[in-house]
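Enquirer: Need a 3D model of the following:
(chains A and B)
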Amino acid sequence: MTNGWIDIKNTDMMLIMGGNPAENHPCGFKWAVEAKRNRNAKIIVVDPRFTRTASQADLFLQIRAGADIAFLGGVINYALQNNRTAKEYLVNYTNAAFIIKDGFKLPDDGLFSGFDPATNSYNKSTWNYEEGGNLTGKTPPVAAAVKTDSDEDTEPAHVASASAGHEQVGSHGTAAGGATPAPAALPPNVAYDLDLQHPRCVYQLLKQQYSRYTPEMVERITGIPQADFVKAADLYTSIRKDGSVKQVGTIIYAVGWTQHSFGTQIIRTAAMLQLLMGNVGRAGGGVNALRGHSNIQGATDMAGIFDVLPGYLKMPNSSDKDLKTYLDRVTPKTAKPGEWESFNYYSNTPKFAVSLLKAFYGDAATKENDFAFSYLPKIDRRYSWTEIWDDMYRGGIKGFYAFGMNGVMIGPDSQKNIDALKKADFVVVCEIYPDETSGFWQAPGITADELKTINTTVYRLPGAGFAEKDGTFVNSARWLQWKNAALPPPGDCRLDQDILAQIFLKIRELYKNEGGKFPDPILHASWSYTLPDHPSLSEIAKELNGKALADISDDKTGVSLKAGQQLPGFAMLRDDGTTMSGNWLYSGSWTEAGAMIQRRGTEDPSGQGIYPNWAWSWPANRRVLYNRASCDVSGKPWDPVRRQIWWNETAQKWVGNDVPDFKPDSKPSEHMGPFIMLPEGVGRLFVPLSGLADGPFPEHYEPIESPIANPLHPNQSNNPIAKKFKTPLDKYGTTQEGYNLVCTTYRLTEHYHYWTKNNPMNVELVPEPFVEIPTELADEMGIRGGEKVKVTSIRSNYIAKAMVTKRIKSMMVDGKKTYQIGIPIHWGFLGISEDEGRTAKTPVNLLTPTVTDPNAYTPEFKGFLVKLEKA
Amino acid sequence: MGDRTTLQIQQISAHPGPIAGEGMQRQEQVCKLIDTTTCIGCKACEVACVEWNDMPFQNTMFDNTYQTMPDTNWNYWNLIKFNESEHSDGSFAWLMRKHQCMHCADPGCLRACPSDGAIVQYANGIVDFQQENCIGCQFCVSGCPFNIPKFNPSTKKVYKCTLCSDRVSAGLEPACIKSCPTGCLHFGTKDDMKAMAEKRATQLRDVSGFAGAGVYDPDTIGGTHVIYVLHDVTKPEKYGNLPAKPRIPLSFTIWKSVFKPIGLFGAMLGFVGVVMHYVFEGPRREQPAPPIKQIDPPPPPAGKEN
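Expert: Next up, the predicted model:
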């Protein structure tokens, strides 16, 4: 979240889409209800189903799963057409005025400029700003605007790829995540036009791009009747009616947006809408991801994804010969209009990276050996979730450790996962219940004879439950909150960190005794815990915060530290090896003043729900990111009532209720951009160069399995960069084959993933799996509520009882009557109801396709094709 | 059952004499406010109720709904009723209402109960079942206008929500209130809850476009200690058969308001008869001694003549 849970209470307008917070985040949804009750805030819910969240909405629209970019693009178009934008914010805090290179082409045919059909990737050299400074008032004639598209002819690639359609999407083993050669750099002196008139300025391109997303087009794609769409667009943008900037709107989403073959771009569209309307950085605004687990934010911060290191530092790749090459590649250089300032905070990357290496390798990391940079793995291709299972299925990966997740169940195409484990040598699962991963050999369909042929050794390690461990959770609001253990683990159960530590120490011993291909990273890994085989999480938390390794002082602030002292924050990090920190973002969480993450102060002087002394929020205990944008250019809050920070002329610094997310002494006259983590200093309506794999602007693409051809460009229906897989189990269905229903998957309030099916209370609340089916479709097929139905995708089938409901209605998608059905994910083949024989033991992910978003590598769990019959 | 020493009893079912300690303490009327317009149907209150009251788990069946079970049960006192509601203008609502004992000011169960002390009403308004005095006749079941009391065939006793009288007597809010994540549930004095409810209803009418919004606190049973804010108070039936005008069944009304007075009148008549008899006939006159047949004492056992 750019903002936080409590901050939602400050909003005037909520757009909840791609998420179902009332059901999946009921405690956090409290703040939406508060905003409604105390501020008369409005809630707009857009979802394929009428959910429990929709029951609280002022306006609900039923959308076809996977049509979100079309909807949001339509709202952007509406806001631009009706002047519902924040003009001053737009010009000064976003790259709206920046001029894009000649040769950049919008995706009228479904492809941006630079597409290479041979590799299914883009040459992004035209996705860049033009160099050249202030062009304000020097607008070229409009004719030039048309001419910008003229270079289309020079790229015959478009034609070829367009005609290829579906077949072209993704190719296995190519488009390696980090291994692409370093692309062109951003120009340091960006050309810009503050009148926003230049035909190639971002604003004009944006306008042109979304002028195609008319209410008619939105209706064709999303299935939302034009009148209803306009009602929603009008309501959401009404906060900018008549040029008012006081009111604030928030966008709230969850995995309903991420789990698409274009998921990252959906979120981008939302971010752009928020930038256009001036809602980012403001109390009650922002783009707010609701994380699906209590600590998923922590997992992400700590490099849960293969292509980042802790603190979102980029993973080195094989082109990074040494530390310098790596740092040069990953440290962004300022690119901005000459007259403006840009803090470019990531220019400190070397400090973060060296401190991280010192945390990893301790004394073995010296200046002489490049701080042991050579110890870090260099990625040569993607190692995302679906790739891991694909590798195992194809016999590459031989062993698998699963802690805190149920691998067979959570990925797409469960059968592929089950078959992959059959081929592995071993699987180690640490859990508190027997789960489907450690029990994959119990999957339905495996006969006694087949069982004899499976040689995978399964180790079940008894883990500890969440109440049996101390440590921190990092919530969606980026708060690190410490919790104490409520009771010790029962019997022989062990803490995760003890199990991991003991495995590590054993491996290290083996390397020590027997050697190996590359023992140094293991032998020299820093492991300085008081009890090496029972590391305490408070010691680890202190290590993440970091400490001084020599006596250091900061001339500017006058802060000085003795060697061994905890760092007060990331501003003290050094790139000379005199500091260490396991995650620069967490620096400040456990200082010499104590454990900030254990604080329980309930004071909230501003009344905005900031609670500055409750726990600790990264970065630097800021509660709302980019909060400089809550003020106008002169440093005065847009809304004097919801004041977050402001410029204090007397003190010559930024002060306020929240910690300023800004250079504290940068005068408003310096015109430093509020988006300090970007080299431009301003929000990106257009993402230049390598920021995104599939386009600098979001474009609507159809899900890989879709009931229609893309009405915008039927010949390039899907995301050309989305990754498909090629094993015999990776099949993708079409309507021609009879898969004519759109299916989506989701969670219920009453259950927690694949875990609570083992808990009698949760099972009592919702005992059995079911399929939600529109009444109209059920009537057509003669299906009654409670009858068993079989849902079949091209991959497998799923059997459960029908829940016939009026909460899903038929819709007209591109003139075609279309039905959607929905399936909650919570049941598998082990659990209370499963063991009692009350279910068909079919995990829902048997149905879902293995295809991933090219930026975040998230599989497309939402919006795939199935057919339905009585079972 | 918890310590209820601080709860003042106001009514006892089928109790003939005075109530011990009556009037000794003044107690506030308590009330639970359920704002159905902010209920998200998360069922936290269902779980809290089961867990606080240590209920055994039970098997439930899929029934084409998100609702946990068709109705409350002897071991499930708190149930959110889910209702899909279509309106003539094409709009749609998914109504969720927390269903439990309403703690009526004039409790039909208590009126109906023939067992002394099986049902009590405290001065704070809580109506509570005392299972140790329950004879299992289930008159309370038919006396309730909300179909709340539920019979457990194995113990032959009837159970229902206690409004957590054990917690309330210790100064805590009921478990369901404590667990509610959205603040749709509130607990306090009846006056405060009524004011809060009316304020919310006004907001719903004036700002949110629910012209029929209002507070459900039916006066046909003297009001309740559980009140609802409804989007449309004119049609409470849409919320899973919430009666618009709940009434205690006629038979029990007749029992209390007709037969009982008639009985009393009869008893009085009897008394008057006795008095009249005294007046006109005078006190009991000396009665001739009844002829008593003197029975000779049995002869002593014949002694052995020596």
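
Enquirer: going forward, measure contacts and count neighbours with C-alpha atoms only.
Expert: Will do.

Enquirer: Report how many residues lie close to the closest residue to chain A within the stretch 51-200 of chain B.
Expert: Residue of the stretch 51-200 of chain B nearest chain A, by CA to the nearest CA: residue B:182 (4.1 Å). Around residue B:182 sit 20 other residues, with neighbours defined as other CA atoms under 10 Å in any protein chain shown.

Enquirer: Quick check: nearest residue in space to it, chain neighbours excluded?
Expert: residue A:30 (4.1 Å; CA to CA, 6 or more residues apart in numbering or on different chains).

Enquirer: How much space separates that neighbour from residue B:245?
Expert: Noted for residue A:30: a distance of 32 Å to residue B:245, by CA to CA, to the nearest Å.

Enquirer: next one: residue A:865
Expert: Distance from residue A:865 to residue B:245, by CA to CA: 49 Å.

Enquirer: In contact with the residue of the stretch 51-200 of chain B closest to chain A, which residues are there?
Expert: Residues in contact with residue B:182, defined by CA atoms under 8 Å, 6 or more residues apart in numbering or on different chains, are A:26-27, A:29-31, A:33-34, B:38-40.

Enquirer: Over to residue A:433?
Expert: When contacts are counted by CA under 8 Å, 6+ apart, residue A:433 is found next to A:755, A:758.

Enquirer: Check what pLDDT it gets.
Expert: Per-residue pLDDT puts residue A:433 at 93.

Enquirer: which SS class is it?
Expert: Assigned with DSSP: H, G, I helix; E, B strand; the rest coil, residue A:433 falls in the coil class.

Enquirer: Ends of stretch A:190-201, what's the gap?
Expert: One end of stretch A:190-201 to the other measures 11 Å (CA to CA).

Enquirer: picking that back up, can you tell me the element the residue nearest to residue B:182 falls in?
Expert: Residue A:30 belongs to helix A:26-39 when assigned by DSSP states H and E.

Enquirer: same thing with residue B:280?
Expert: Taking DSSP H and E as the definition, residue B:280 sits inside helix B:260-281.

Enquirer: in that helix, what's buried?
Expert: Residues of helix B:260-281 classed as buried: none (neighbour count, 16 or more other CA atoms under 10 Å in any protein chain shown).

Enquirer: ditto for stretch A:191-211
Expert: Quick answer for stretch A:191-211 (16+ other CA under 10 Å): A:191-206, A:209-211.

Enquirer: May I have the phi/psi pair for residue A:122?
Expert: Here is the backbone geometry of residue A:122 (degrees, to the nearest 10): phi -110, psi 140.

Enquirer: Count the residues that sit near the closest residue to it other than its chain neighbours.
Expert: Computed as CA to CA, 6+ apart, the closest residue to residue A:122 that is not its neighbour in sequence is residue A:115, at 4.3 Å. Close neighbours of residue A:115, defined as other CA under 10 Å, add up to 21.

Enquirer: Doesn't residue B:33 lie inside a strand?
Expert: Yes. Applying three-state DSSP, one finds residue B:33 inside a strand.

Enquirer: Show the pLDDT at it.
Expert: You'll see residue B:33 listed with a pLDDT of 98.

Enquirer: swap in residue B:181?
Expert: So, for residue B:181, pLDDT stands at 96.

Enquirer: again with residue A:139
Expert: So residue A:139 comes in at 65 (pLDDT).

Enquirer: One more: the one 3 residues further on?
Expert: With respect to pLDDT, residue A:142 scores 52.

Enquirer: and the residue lying farthest from the centre of chain A, what does it touch?
Expert: Centroid-distance maximum for chain A: residue A:449 at 43.1 Å, with CA atoms, centre = their mean. Residues counted as contacts of residue A:449 (CA under 8 Å, 6+ apart): none.
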